[in-house]
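Participant: Coordinates only, no sequence provided:
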Ligand SMILES: Cc1cc2nc3c(=O)[nH]c(=O)nc-3n(C[C@H](O)[C@H](O)[C@H](O)COP(=O)(O)OP(=O)(O)OC[C@H]3O[C@@H](n4cnc5c(N)ncnc54)[C@H](O)[C@@H]3O)c2cc1C
Ligand SMILES: Cc1cc2nc3c(=O)[nH]c(=O)nc-3n(C[C@H](O)[C@H](O)[C@H](O)COP(=O)(O)OP(=O)(O)OC[C@H]3O[C@@H](n4cnc5c(N)ncnc54)[C@H](O)[C@@H]3O)c2cc1C
C-alpha cells in the first residue's frame, strides 16, 4: 500500500496531521491504535496556561515570545512564533468547519468548570459547556444541577460546594434515567423543576443541542470523569472527515516494525496487515506519551518502543519522579528528540523522513504548562503542512 | 479537659496485638477501651509480608519462635480461616544454595513439630510450576498467607460487639501516674481536637515500635530497634505456594501469593527513630527484590509491579544496656511492676502478626493476675466473625446475588458477607423503583476488585471508617490493578469525602508507585496526574 504520508497513531496529533495533509491533496493512511487520550479529555483543549518557569499565561499569543527564550526544545519553540499564531488560528477554523462549535480563542484563555467544580484556564471548550471569563464569576445567581441517579462519574456535591463559595445558590436534582430515556423527557423534568435561573447537566447526556432548544432557561454542560463523551465525539468527527477526504484509517491496528534504508524508513508493517507493507514518502510518529504507549519506561531507562529513537531523559531512575503527587513530574518532560522541523533523531542522527507530532515530543510538560492538546494539534498541523 | 468514664483495661495501639488483646480481654469480662491514633492496622500490621509462618523459617535459628509459630498457625487456620489461604510453602534450594543445609533444616523443623517433606525438583515443579526450574531440591511445609487487614477488622468487630470501646483517631499524649502506679492516660482526639483523660487500673502498651516513647511517658526505659523491611506487590498471582529459600533467613528470600497479587520481600535495614514515619523504599532495595524474586520464580520478570511499600519491625532490645545489645525477634512481655516497680502498666511487643493471639493471651493472663480475676482464655477456640459459618452455607444464603460479586464479597468478609448482602438487599428491594439507593446498591464501584457501591455504603455505616484510606483497608477499594484511579473519586463522591481526602489518597498511592514507576505503573501515573491534576484541576489545590 503506497501513500504520500503514513501516520502512526490516531490520537489528536495523528488525526489533525492527517487532515492537514489530506487538505493539501496528499494521499494519507493512519494506523490508529487503541482509543486515544481523547477518551480522558475534559472536553476542553489547552493551548498554553503557563510558561515553563511557571508564570501564568492568560494570553497565549503574547506569551509565546517569552516561552521561546525559556526553552529551546519546547515544541512551540520549534514551531516558531509566526507559525504558532497561524496554526492556532487555523485549528480554530478547522474545528469550526468540521461542525465542532467551540467557545474561546487563542487571544485569551477562558475558564472551564472541572468535574469537581474548580475553574481552570482553557483555550477552546465545546459549545454548551460552562465557560467563564474569570475564575470567580458565574453567569447565574442560582442554578440547579440535574444528574442521572446512580451515575458514579459525576460529582454534583463537589461542584455545588465550589459554586456556593462564589455566592451562587445551588440545588442538586437527581433524576431517573435509563438507556431508553428520551431527551424530551429530560427536558420536561428540567422544565417542571424550575427553581433557578439556570440549569446544568453532565456531559454524558447525548443530544445536548436538542435539550438546549427544549429547555425554558439557559442550560450548561459540565465535564464528567472518563470516558469523556465530548472527547470521543471529537475523535469521531475528525475520523469521519478524514475518510470523507479519502484518507484510510486502519482502526485498532498497531504499527509493529519498519524497514530502514540508511536514515530513511522504507516501509512500515502493522499487526493486522501482516506482511503487506505500508509505504510512504513521509512517516509521522504520533503514538503519544507514556499514556498513549508512544513512550515506555523500563527499570533502566525510557525507550521509544517502535523505532528505538533517541529520548531526552534523566539516566538516574530516582530523578524521573517527584515523590509529591500533582507536582512537577520530571518524566513529563521526557520525550523523543527531534530537530527543529520535528524529524526524529536515532542513534544521534537526524532521520530523513520520520517526523514526530504530539504527546511523545520532548521538552514540554502538559500538566505544568497546560498545553497538552495545543502541542498535539499544532505539531500535527505543522508537520502535516510541511509536506 | 473531659474526664471520660472508667474502664478495667486501657490498651494503647490498634495493630493486631492491641486489637487481639482487646478482644481477649472483653471476652474474659473486662471493660475495655482501645486507643489508636490513626485507623486500625496503620502500623506494622498494615505493612508486613502477610506470611502465615509454619515456623520453618525460624526452626534452625530460633526454635522457640518456630514452636510459637506452628502452634498459632494451627489455631489461626481454625479461628480465622476467612483471613487465611492454605497455600502451603516450599523451601527451595537454588543452584547457588548449599543443599547440605536441607538436612539440618528438616531435622530442626521436625524437632519443633513442623511437618517438613523433602521433595525432588520434579515434584516441586509439579506442585508449583512457577518455581525456578533450575532448583536442586525443595521441602514442603505448612506455610500460608494471612490478610492482616481482614484479621484486624475481625478482631475489631468482635471486640466491639462484645462491648469494648475502640477509639480510632485518638492519640495517647501522656500516661497518668499516681506514685508507683499508672492509673490512666491522656488522649487527644484528632477529629474534635479535644483532650481527654481516661482511667483504668491497668494500661497496656501495645504500640509496636513506638513502645519506647509510650514507655518513656510513664518514666520507664525500654529500647526498641526500628528495622525497616521493604516489599514489592506484583499485579498477578504468580506462584501457587509461598516460596522461601532453603538457607539461613536472609534478605529478599520470600514470595507470598495473596488474593490476586504476589508479595516479594523483604529487606532488613536498621533505621533511626525519626525516619519511621516516612520510611522510603530505595532504588537499591527495589533492584535487590526484583533480582532475587526472579530467582525464586522467573515468571516475575514478565509480571507488572503494582507498588512498593515498607514496614518497620518492632524489635525490642532485651538484656542490660552494658552487656551489649541482644535483639529479640520473639515475643516480649514486660510487667513493669516486676521490672521497674511501676504497677498497672504492661508492655507487649515484638513477636509476629501471626502470633498476635498468643501475645494477647499472655497479656490478658497477666491482667487477670493483676486484677485478681480467674477467667480462662477462649480465643484459641472461638472463631472470629467471618470464620463462624461454613462457606457453603454462606453461599447458599446469598444465592440471589450475582455470582462474581458474591464470590468477591465472601472472599473479603467471610461469613460477614451475609450482613453486607442483607444491607444491600434492603436498598435493592426498596419498593420505589427509581430511588438512587436502589440504583447504587449493586452498581460496581471498583471494577478491579468487584466492589459494589452498596458495600462501600455498608463500610461507612458499620465498619467505622473516616476516610478513603480507611475504606481501602476495610474493603480493598483501590488495591487492584488500577490502584484506585477512577474508583477512588467515585468512592469520595459516594461517601461525601472532601477534595483534600482525594488528594491525600492520591499522595499515599503515589508513595507506593513512585519507587517502581516504570512500565504500566508509570503509564497509569501519567494518566492519573493528567486526570486529577489537569482534568479535575486539583493541581493548584495541592500547592
Ligand atoms: C488522562 C489525560 C487527560 C488529558 N486531558 C486533556 C484535556 O482535557 N485537555 C487538553 O488540552 N489536554 C489533555 N491531555 C493532554 C493530551 O495528551 C493531549 O490533549 C492529546 O490528546 C494527546 O494526543 P496525541 O495524539 O499526541 O496522543 P494520544 O492521545 O496518546 O494518541 C496516541 C495514539 O497512538 C496510538 N499508538 C501508540 N502506539 C501505536 C502503534 N505502535 N501503532 C499505532 N498506534 C499506536 C495510541 O493507541 C493512541 O491512540 C490529557 C492527557 C491525559 C493523559
Ligand atoms: C517488613 C515486615 C514484614 C513482616 N512480615 C511478617 C509476616 O510475614 N508474618 C508475620 O506474622 N509477621 C510479619 N511481620 C511482623 C508483624 O507485622 C508485626 O510483628 C505486627 O504487625 C506487630 O503488630 P503490633 O500490633 O504489635 O504493632 P503495630 O501494627 O505497629 O501497631 C501499633 C499501633 O500503635 C499505634 N500508636 C503508636 N503510637 C500511638 C499513640 N501515641 N497513641 C495511640 N496509638 C499509637 C500505631 O498507630 C499503630 O497502629 C513483619 C513486619 C515487617 C516490618
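Facilitator: Arrived safely, thanks for sending. Just so it is clear, the model here is predicted, and its values are computed rather than measured. Ligands and ions are numbered 1, 2, ... in the order given.
Participant: Please enumerate the strands of the stretch 151-300 of chain A.
Facilitator: A:169-175, A:198-202, A:219-222, A:248-250, A:255-261, A:264-270, A:278-285, A:296-297 (DSSP state E, counting those that start in this stretch).
Participant: can I get these in TSV with mean neighbour count?
Facilitator: C-beta: built from backbone N, CA, C; applies to glycine. Output for the strands of the stretch 151-300 of chain A, formatted as TSV (neighbours: other Cβ atoms under 10 Å in any protein chain shown):
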stretch	mean neighbour count
strand A:169-175	17
strand A:198-202	24
strand A:219-222	23
strand A:248-250	19
strand A:255-261	15
strand A:264-270	19
strand A:278-285	24
strand A:296-297	22
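Participant: For residue B:417, find the nearest of these.
Facilitator: strand A:169-175 (28.8 Å; Cβ to Cβ).
Participant: any residue of that closest one up close to chain B?
Facilitator: Yes: contact of strand A:169-175 with chain B (Cβ under 8 Å from any Cβ of the partner chain) involves residue A:174.
Participant: Are we agreed that residue B:347 is in a strand?
Facilitator: Yes: counting by DSSP: H, G, I helix; E, B strand; the rest coil, residue B:347 falls inside a strand.
Participant: Tell me the spacing between it and residue B:96.
Facilitator: Relative to residue B:96, residue B:347 is positioned 41 Å away (criterion: Cβ to Cβ, to the nearest Å).
Participant: Who has more neighbours out of these two?
Facilitator: residue B:347 (26 against 10; other Cβ atoms under 10 Å in any protein chain shown).
Participant: Could you give the number of residues near the residue of the stretch 201-350 of chain B found nearest chain A?
Facilitator: When scored by Cβ to the nearest Cβ, the stretch 201-350 of chain B has residue B:283 as its residue closest to chain A, at 5.5 Å. Neighbourhood size, residue B:283 [other Cβ under 10 Å]: 14.
Participant: you'd agree it is up against residue A:320?
Facilitator: No: contact criterion Cβ atoms under 8 Å: residue B:283 and residue A:320 do not qualify, at 10.4 Å.
Participant: burial measure for residue 378, as a count.
Facilitator: Looking at chain A here, since you left the chain open. Using other Cβ under 10 Å, residue A:378 has 27 other residues around it.
Participant: let's do chain B instead
Facilitator: For residue B:378, using other Cβ under 10 Å, the count is 11.
Participant: again with residue B:263
Facilitator: Neighbour number of residue B:263 under other Cβ under 10 Å is 22.
Participant: Show the backbone phi and psi for residue A:144.
Facilitator: phi -120, psi 130 (degrees, to the nearest 10).
Participant: Could you pull up the contacting residues of the closest residue to residue B:181 other than its chain neighbours?
Facilitator: Once flanking residues are discounted, residue B:181 sits nearest to residue B:343: 4.3 Å by Cβ to Cβ, 6 or more residues apart in numbering or on different chains. Residue B:343 is in contact with B:180, B:181, B:182, B:336, B:337, B:370, counting by Cβ atoms under 8 Å, 6 or more residues apart in numbering or on different chains.
Participant: of those residues, closest to residue A:103?
Facilitator: Of the contacts of residue B:343, the one sitting nearest to residue A:103 (Cβ to Cβ) turns out to be residue B:182, at 68.3 Å.
Participant: What's the first helix or strand after the helix or strand hosting the closest one?
Facilitator: Assigned by DSSP states H and E, residue B:182 belongs to strand B:181-189. Using DSSP H and E, the helix or strand that follows strand B:181-189 in sequence is strand B:195-199.
Participant: So in that sheet, which strands flank that next one, and in what orientation?
Facilitator: strand B:2-3 (parallel), strand B:181-189 (antiparallel) (DSSP bridges).
Participant: How far does stretch A:76-83 stretch from one end to the other?
Facilitator: 9 Å (Cα to Cα, to the nearest Å).
Participant: that older thread, got the strands of the stretch 151-300 of chain A as a markdown table, with mean pLDDT and distance to ligand 1 columns?
Facilitator: Listed next are the strands of the stretch 151-300 of chain A as a markdown table, based on pLDDT from 0 to 100; distance: least, Cβ to the nearest ligand atom, whole Å:
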| stretch | mean pLDDT | distance to ligand 1 |
| --- | --- | --- |
| strand A:169-175 | 96 | 24 |
| strand A:198-202 | 98 | 16 |
| strand A:219-222 | 97 | 14 |
| strand A:248-250 | 97 | 8 |
| strand A:255-261 | 96 | 4 |
| strand A:264-270 | 97 | 7 |
| strand A:278-285 | 97 | 9 |
| strand A:296-297 | 97 | 10 |
